[in-house]
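K.L.:
the sequence and its predicted three-dimensional model are supplied below.
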Amino acid sequence: MNKLAVAVCGLAAITLLATLVSLIPSDAWFIRPVDMVRELLVYAAAVVLVLAIVAGSRLRWITVFMLGLVAAINIWRVWPYWSIAGQELQLADSRAHAPTCFTAMAANVKVKNKDYGRIAAQVRQYDPDVLFLMETDRTWIDRLDALLAGYPFVRRHPQPKGFGLVFATRLPVAGINLVENTYRDTPTLYATLQPSGFPPVEFIGLHPKPPLPGWNTQLRDRSIVRAGIRTPDRLPDAFVTGDFNDVPWSRTTTKFRETGGWKDPRIGRGSYPTFPAGLVPIGWPLDQLMLKGNIELNAFEVLPDNGSDHRAMFARICPSHRQASQ
């Protein structure tokens, strides 16, 4: 029995074990990260399966079985976020009511990133009506002061450790709240906006702590789920964006979406990875954008690299046809 066949079989067994363990409903820090790499595990299983067949030993079919199971389980978990699945949210045609549409952009700037100019240039290029920035410390806010001066409303909330926020908008703001849903110093931002041609719309900006070695995800998960169901004004029309530090197919973000009645434009279109910025073909969709109620999405995209470790998200939001006719 050759060494390659044994090594491939061992790798398949480890991968299958990790995949099976990840199905346990646990918030353990060493289990939850498997959610992040489910797509990658599907592709890796396919490559290793070919190696198993080429190795041609008595272990071949055992290895193929294990890898097939790895692929099947992970495809089952990520299936809605492949482009061959059915779409949950159709993109609206904004031509009928283009003047009433508005744009939104969310970007994790990375607090240790010093490339302030690239972030500012990208914001100016896309010129969003609603801007949500994360990981903004005092230096970042000072460096972006000229950019932020172009917005009639700006809420600055600097933090030194990576969980600062900036919210800026041209839309009239009826109210704004910063709420500590779980962790101290990792607030969720809520704003009630009054776009032209819309009923009031609630905005939620979210950036919980990531799963880290030694830190279980219970508080992060609670922060994500609470953010979508405990909004100050309880408006039916709302959109949420930010760095969730979680993938959309995880139990947590799925619960957020289903409990709050949110619709995800990724479903049926692809995973749209945002992290790490330089390796998005094999990366993870950690940054989310969802909406609910009688508002529609006209455009949705992950933007080009801007010097941060995350790529920014951009959307154009319009009133529904029913609202537009009223």
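P.N.:
Nice, I can see it.
K.L.:
now residue 62: which helix or strand?
P.N.:
According to DSSP states H and E, residue 62 maps onto helix 60-78.
K.L.:
which other helices and strands does that helix contact?
P.N.:
Using 3 or more Cβ pairs under 8 Å, 6 or more residues apart in numbering; DSSP states H and E, the elements in contact with helix 60-78 are helix 3-21, helix 38-55. Yep, even glycine has a C-beta here, placed from its N, CA and C like the rest.
K.L.:
what comes up buried for it?
P.N.:
In terms of neighbour count (16 or more other Cβ atoms under 10 Å), helix 60-78 has its buried residues at 60, 63-64, 66-67, 69-71, 73-74, 77-78.
K.L.:
possible to save the residues you listed as a markdown table with distance to residue 139 and pLDDT?
P.N.:
Output for the buried residues of helix 60-78, formatted as a markdown table (distance: Cβ to Cβ, whole Å; pLDDT from 0 to 100):
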| residue | distance to residue 139 | pLDDT |
| --- | --- | --- |
| 60 | 57 | 81 |
| 63 | 52 | 88 |
| 64 | 54 | 89 |
| 66 | 50 | 93 |
| 67 | 48 | 92 |
| 69 | 49 | 95 |
| 70 | 45 | 95 |
| 71 | 46 | 94 |
| 73 | 45 | 95 |
| 74 | 41 | 95 |
| 77 | 40 | 94 |
| 78 | 38 | 95 |
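K.L.:
tilt between the helix holding residue 62 and helix 38-55?
P.N.:
Helix 60-78 runs at 160 degrees relative to helix 38-55, counting by axes from the mean of the first three to the mean of the last three Cα atoms, to 10 degrees.
K.L.:
so how far is helix 60-78 from its chain's centroid?
P.N.:
For helix 60-78, the separation from the chain centroid amounts to 26 Å (computed by Cα atoms, centre = their mean, to the nearest Å).
K.L.:
and the helices and strands packed on helix 60-78: which comes nearest residue 206?
P.N.:
Among these, helix 38-55 comes nearest to residue 206, with 21.7 Å by Cβ to Cβ.
K.L.:
and the contacts of that closest one?
P.N.:
2, 4-5, 8-9, 11-12, 15, 19, 34, 59-60, 63-64, 67-68, 70-71, 74-75, 77-78, 247, 249, 271, 282 (Cβ atoms under 8 Å, 6 or more residues apart in numbering).
K.L.:
let's see that with 7 Å instead.
P.N.:
Applying Cβ atoms under 7 Å, 6 or more residues apart in numbering, the set of residues contacting helix 38-55 from outside is 2, 4-5, 8, 11-12, 15, 19, 60, 63-64, 67, 70-71, 74-75, 77-78, 249, 271, 282.
K.L.:
what residues sit buried inside it?
P.N.:
So, applying 16+ other Cβ under 10 Å, buried residues of helix 38-55: 38-39, 41-42, 44-45, 48-49, 51-52, 55.
K.L.:
state the mean pLDDT of stretch 195-202.
P.N.:
Averaged over stretch 195-202, pLDDT sits at 88.
K.L.:
all strands of the stretch 51-200 of the chain, in order?
P.N.:
With DSSP state E, counting those that start in this stretch as the criterion, the stretch 51-200 of the chain has strands at 102-108, 130-134, 153-157, 165-169, 173-179, 188-193.
K.L.:
check the offset of the helix or strand just after the last one from the chain's centre.
P.N.:
Using DSSP H and E, the next helix or strand after strand 188-193 towards the C-terminus is strand 201-206. Put simply, strand 201-206 sits 14 Å off its chain's centre (Cα atoms, centre = their mean).
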